[in-house]
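> Build me a model from this:
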Amino acid sequence: MFFKDDSHPIEVLEQTDIESISAAEPEKEPPPEPLATVFVEIKGAVYNPGVYELPKDGRVKNVIELARTTSDADLTLINQAEKLKDEMVIYVPVKGETIPVAVSSSATDTPDESLVNINTANEAELMTLNGIGEKKAQTILTYREENGLFMKVEDLLNIPGIGEKTLENLKPYITVGD
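Residues are numbered from 1 along each chain as shown. From the prediction side, this is the model:
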């Protein structure tokens, strides 16, 4: 031991002491394993819309079979071979309805490619958003017609039935344009 001054000893650690201290540190836990299942939402022309838990190696076709399409469903616009992704939203249109290409793709895709512009989206496009059904989509369209374009995404809070929590869930997937 050395003394800094008359009253405060300074202890010098040897290399072996330092190694034993670092060896005593707890080992880091391995990263968690990826989910064995994914949660996917399906809506539109189906008898059983909702959120389904499926194996992560499932396909869009599997969700469509579980939700059972109505007789007027148009499956020609949906890539049924697409692999499922967690938080994916699948919208099944009725015959004659046009939908954007990004509808059956996952919300976890590159955000710039799958953002829904709430100032230009039609009812079907709005319904691709998680938590937006036919009624809320129509309310958004009516609000937009009566009040003009949304200046910022937070303006959705003016829509009855859309609160802070819903807005926070929608923010990664919506835009008001450039």
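
> count of neighbours near residue 48?
10 (other C-beta atoms under 10 Å). C-beta coordinates here come from the backbone N, C-alpha and C atoms, glycine included.

> same deal with residue 126?
Per other C-beta under 10 Å, the neighbour tally for residue 126 reads 21.

> Partner strands of the strand or helix carrying residue 39 and their direction?
Using DSSP states H and E, residue 39 sits in strand 37-44. Strand 37-44 pairs in its sheet with strand 50-55 (antiparallel), strand 88-92 (parallel), by DSSP bridges.

> Lowest average confidence across the ones you listed, which one?
Across these, strand 88-92 has the smallest mean pLDDT, namely a mean of 88.

> That one: how far from the chain's middle?
Here strand 88-92 is found 12 Å from its chain centre; the criterion is C-alpha atoms, centre = their mean, to the nearest Å.

> Likewise for stretch 167-178?
11 Å.

> Contacts made by that stretch with the rest, please.
The set of residues external to stretch 167-178 that reach it, using C-beta atoms under 8 Å, 6 or more residues apart in numbering, is 107, 111, 114-120, 129-132, 149-157, 162.

> returning to what we had before: for the strand holding residue 39, buried residues please.
Under the neighbour-count criterion of 16 or more other C-beta atoms under 10 Å, strand 37-44 has 38, 40-44 buried.

> hmm, back to that, packed most tightly, which of the strands paired with strand 37-44 would that be?
Sort those by mean neighbour count, taking mean count of other C-beta atoms under 10 Å, and strand 88-92 sits at the top with a mean of 25.

> in this protein, which spans are strands?
Using DSSP state E, the strands found in the chain span residues 2-3, 9-10, 37-44, 50-55, 88-92, 116-117, 174-175.

> now those strands as CSV including distance to residue 70?
Output for the strands of the chain, formatted as CSV (distance: least, C-beta to C-beta, whole Å):
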stretch, distance to residue 70
strand 2-3, 85
strand 9-10, 81
strand 37-44, 9
strand 50-55, 15
strand 88-92, 8
strand 116-117, 24
strand 174-175, 28
